[in-house]
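Engineer: Mind folding the following:
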Amino acid sequence: MSSILTRAMLFIMIIVIGYGLKKIGVFKKEDFGVVSKIVLNLTLPCAIIVNFSNLVFEKSLISMIGIGFACTVILAIAGYFLAAGSGNGEKSFNMINLAGYNIGCFTIPFAQAFLGPAGIVAICLFDSGNSIMSAGGTYAATSLVNKEHNADKIKTGAILKKLISSPPLMCYLVMLMLALSDQKLPAPILDLAGIIGGANAFLAMFMIGIGFKLDLNRTQMVKSAQIIITRYVITVIFAVVLYHALPFDIEIRKAVVLAVFSPIAAVSTAYTEKSGGDTGLSSTINSLCILISLFFVSAILVLM
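Structural biologist: Numbering: from 1, shown residues only. All right, here's what the predicted structure looks like:
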């Protein structure tokens with residue numbers, strides 16, 4: 001237990017260091033984009049490659065893709081009904097900022113430190129289902145709801161292009177196909193991926209620190225509380241049901257619980273801007289969810 005707490009505190013310290021260096025001017029908020037590009041295009045895909053390559057693949061784990069997709073859809077629907085009686089803009093905002101999971105940059109680094117290959121791959125498969133919605137699917141749905149802001153953007157091709165251009169999602173799909181066909185990547189590629197992927201945990205946590213932002217006023221506090229409480233009440237239900245209902249080993253079920261307690265997808269603020277929503281409020285909700293998920297994930301690792 002002490003080693004788990006120590007490792008979790010080290011991750012939190014990396015976030016604090018990133019935030020502190022931004023506050024004293026060593027890094028700027030614009031640097032978040034640079035670090036996120038490195039994580040999403042290099043270190044995270046390489047971490048996925050390494051984790052998949054170390055696994056004796058169980059085909060039954062493919063169900064995790066559907067579970068990740070379903071959880072994200074349910075959260076989006078909950079966001080829509082949370083704004084019942086409000087305008088389409090409010091419904092759109094809730095759907096984007098209540099649904100989706102930041103698994104690649106938040107949960108996978110924790111999983112790398114505390115779970116075996118099977119648990120990590122279960123989280124990766126969950127994230128591949130989540131990514132279908134988080135990388136464009138939820139925004140497409142909100143575009144249909146909030147037509148006044150998005151009438152010119154509802155294009156299937158554009159959404160598909162967004163999904164295809166997501167390196168983590170494509171990496172998931174390629175490694176899944178290789179695993180299903182019992183194929184392995186050449187050793188030099190795996191060695192290179194190991195070196196690059198080894199930096200994923202540090203860079204992902206450091207990136208969260210640089211991007212962390214809280215800007216609360218009374219209105220934002222009320223709205224943030226509504227969305228966050230709704231999300232985590234549903235999350236607790238997901239965790240209890242999936243942990244007790246899934247026919248997998250404890251490591252897999254623990255991995256799924258970690259996945260559903262991930263914070264809101266990092267891209268939610270960008271999609272909020274595209275849909276004409278309040279990006280400041282979106283950033284605040286995202287940052288608060290990081291703090292809450294840090295608490296829950298650390299507690300889960302200690303108690304389970």
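Engineer: Which residues outside the strand or helix carrying residue 97 are in contact with it?
Structural biologist: Using DSSP states H and E, residue 97 maps to helix 88-98. Residues from elsewhere that reach helix 88-98, judged by C-beta atoms under 8 Å, 6 or more residues apart in numbering: 75-76, 78-80, 82-83, 138-139, 141-142, 145-149, 227, 230-231, 264, 268, 271-272, 275-278, 281-282, 285-286. In short, each C-beta sits where N, CA and C put it, glycine included.
Engineer: Under the pLDDT cut-off, which ranges of the chain? List them.
Structural biologist: By pLDDT under 70, the low-scoring segments of the chain are 1-5, 7-8, 55-57, 135-136, 143-163, 165-166, 215-216, 270, 273-274.
Engineer: buried set for the longest helix seen in it?
Structural biologist: Scanning the chain for the longest helix, with DSSP state H as the assignment, gives helix 218-245. Neighbour counts over helix 218-245 (16 or more other C-beta atoms under 10 Å) mark 220, 223-224, 227-228, 230-232, 234-235, 238-239, 242-243 as buried.
Engineer: got a list of what residue 258 touches?
Structural biologist: Applying C-beta under 8 Å, 6+ apart to residue 258 gives the contacts 107, 110, 111, 115, 123, 297, 300, 301.
Engineer: Can you give me the buried ones in the host helix or strand of it?
Structural biologist: For residue 258, the host element (DSSP H and E) is helix 250-260. The neighbour-count check on helix 250-260 (16+ other C-beta under 10 Å) flags 252, 253, 254, 255, 256, 257, 258, 259, 260 as buried.
Engineer: Just the C-alphas of the helix holding residue 97, formatted as PDB.
Structural biologist: Coordinates of the C-alpha atoms in helix 88-98 are reproduced here as PDB (Å, rounded to 0.1, in the frame of the first residue of the first chain):
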ATOM      1  CA  ASN A  88     -30.100  23.700 -27.400                       C
ATOM      2  CA  GLY A  89     -26.800  25.500 -26.600                       C
ATOM      3  CA  GLU A  90     -27.100  24.300 -23.000                       C
ATOM      4  CA  LYS A  91     -27.900  20.700 -24.100                       C
ATOM      5  CA  SER A  92     -24.900  20.800 -26.400                       C
ATOM      6  CA  PHE A  93     -22.600  22.100 -23.700                       C
ATOM      7  CA  ASN A  94     -23.600  19.500 -21.200                       C
ATOM      8  CA  MET A  95     -23.200  16.600 -23.700                       C
ATOM      9  CA  ILE A  96     -19.700  17.700 -24.600                       C
ATOM     10  CA  ASN A  97     -18.600  18.400 -21.000                       C
ATOM     11  CA  LEU A  98     -20.200  15.500 -19.200                       C
END
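Engineer: Measure how that helix sits relative to helix 218-245, angle-wise.
Structural biologist: Here the directions of helix 88-98 and helix 218-245 differ by 50 degrees (axes from the mean of the first three to the mean of the last three C-alpha atoms, to 10 degrees).
Engineer: Tell me the helix or strand right after helix 88-98.
Structural biologist: helix 108-114.
Engineer: So which elements touch that following helix?
Structural biologist: Packing partners of helix 108-114 (3 or more C-beta pairs under 8 Å, 6 or more residues apart in numbering; DSSP states H and E): helix 2-23, helix 44-53, helix 117-132, helix 200-211, helix 250-260, helix 279-303.
Engineer: Just name the most buried of these.
Structural biologist: Counting by mean count of other C-beta atoms under 10 Å, helix 117-132 has the highest mean neighbour count of the helices and strands packed on helix 108-114, with a mean of 26.
Engineer: who does that helix touch, helix- and strand-wise?
Structural biologist: Judged by 3+ C-beta pairs under 8 Å, 6+ apart, the packing partners of helix 117-132 are helix 44-53, helix 63-82, helix 108-114, helix 167-180, helix 250-260.
Engineer: go again using 10 Å as the cut-off
Structural biologist: Under the contact criterion of 3 or more C-beta pairs under 10 Å, 6 or more residues apart in numbering; DSSP states H and E, helix 117-132 touches helix 44-53, helix 63-82, helix 108-114, helix 156-164, helix 167-180, helix 250-260.
Engineer: Including distance to residue 188, could these go into CSV?
Structural biologist: Output for the helices and strands packed on helix 117-132, formatted as CSV (distance: least, C-beta to C-beta, whole Å):
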stretch, distance to residue 188
helix 44-53, 12
helix 63-82, 29
helix 108-114, 22
helix 156-164, 27
helix 167-180, 16
helix 250-260, 29
